[in-house]
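Undergrad: give me a 3D structure for the following:
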Amino acid sequence: MIRVTVDSIRVSLLTQHRVVVLREAESRRYLPIWIGAFEADAIALAMQGHEPQRPMTHDLLKSVFSELGSTISHIVINDIQDSTFYARIVVEQGSHTIEIDARPSDAIALAVRTDAPIYVETHVFEAAGVLFDDEETTAADEEPKSASRVLDRASESDEPESDTSTDEGLSLFRDFINTLDIDDDEQNKGKKQ
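TA: Numbering: from 1, shown residues only. Have a look, this model is predicted:
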């Protein structure tokens, strides 16, 4: 398993779809995952340290685990099938370990709230991850300039070809990523305040 952190939440200006971008620790590899608007907001609010007046769904789930004497050990994005990602929430309760099936967006929203580590299975990164080259970054902040250029470059790499059904399914994902507004996060924070 590969340890990742939440790099950012991106929004397409054309479609308003959201993508959570996970970044491999100690690497320039990223894993973009489409998520719903509610889940994107839930992740973003938790990352900003916002405490709602009343518990949202993921806050409620965190409280339920706590009241039952359980802790979130970690979450893992464990599979991808037909461009759909799958995740597991790993819970420790006493001497028992429980694995719960979840959507990645919900698992990530819970992990951000509980400071639980996030992992991705190696085969998932191989199927859907993108690598940002050094020339794709700015000198000032080392953030990627263009996801579309990176995805184009990733598709032209010397890596072995995967089966065509996966490539066709991921082409829709690549098209979507190309429509994203990927301005520098610091510029976006300044505009929101």
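
Undergrad: who's in contact with stretch 53-72?
TA: Stretch 53-72 is touched from outside by 42, 45-46, 52, 89-94, 98, 106, 109-111, 113-114, 116, with contacts defined as Cβ atoms under 8 Å, 6 or more residues apart in numbering. Quick note: C-beta positions are derived from backbone N, CA and C, even for glycine.

Undergrad: now Lys97: closest residue in space, sequence neighbours ignored.
TA: Heads up, residue 97 is Thr, not Lys. Nearest residue to Thr97 in three dimensions, chain neighbours excluded: Val90, at 6.5 Å (Cβ to Cβ, 6 or more residues apart in numbering).

Undergrad: ok, what's across the strand from that neighbour?
TA: For Val90, the beta-bridge partners are His74, Glu99 (DSSP bridges).

Undergrad: pretty sure it is touching Ile75, no?
TA: Yes - if you go by Cβ atoms under 8 Å, Val90 and Ile75 touch, sitting 6.8 Å apart.

Undergrad: so between those two, which is more surrounded?
TA: Counted by other Cβ atoms under 10 Å, Val90 and Ile75 do not tie: Ile75 has more neighbours, with 28 against 18.

Undergrad: out of everything not next to it in sequence, what's closest to that one?
TA: The shortest distance from Ile75 to any non-neighbouring residue, by Cβ to Cβ, 6+ apart, is to Ala107 (4.1 Å).

Undergrad: am I right that the one you found is in a helix?
TA: Yes - under DSSP: H, G, I helix; E, B strand; the rest coil, Ala107 falls within a helix.

Undergrad: and it, how far from Phe132?
TA: Per Cβ to Cβ, to the nearest Å, Ala107 is found 24 Å from Phe132.

Undergrad: how about Asp115?
TA: From Asp115 across to Phe132, the span is 26 Å (Cβ to Cβ).

Undergrad: between these two, which is the more surrounded one?
TA: More crowded of Asp115 and Phe132, by other Cβ under 10 Å: Phe132, with 22 against 7.

Undergrad: hang on, the more buried one packs against Ser27?
TA: No - between Phe132 and Ser27 there is no contact under Cβ under 8 Å: 9.3 Å.

Undergrad: what is the strand or helix carrying Val11 packed up against?
TA: Element membership of Val11, judged by DSSP states H and E, is strand 2-12. When contacts are defined as 3 or more Cβ pairs under 8 Å, 6 or more residues apart in numbering; DSSP states H and E, strand 2-12 packs onto strand 18-24, strand 29-35, helix 37-47, strand 118-120, strand 180-181.

Undergrad: burial count for Gly129?
TA: So Gly129, with other Cβ under 10 Å, has 19 neighbours.

Undergrad: separation between it and Lys62?
TA: Here Gly129 is placed at a distance of 28 Å from Lys62 (Cβ to Cβ).
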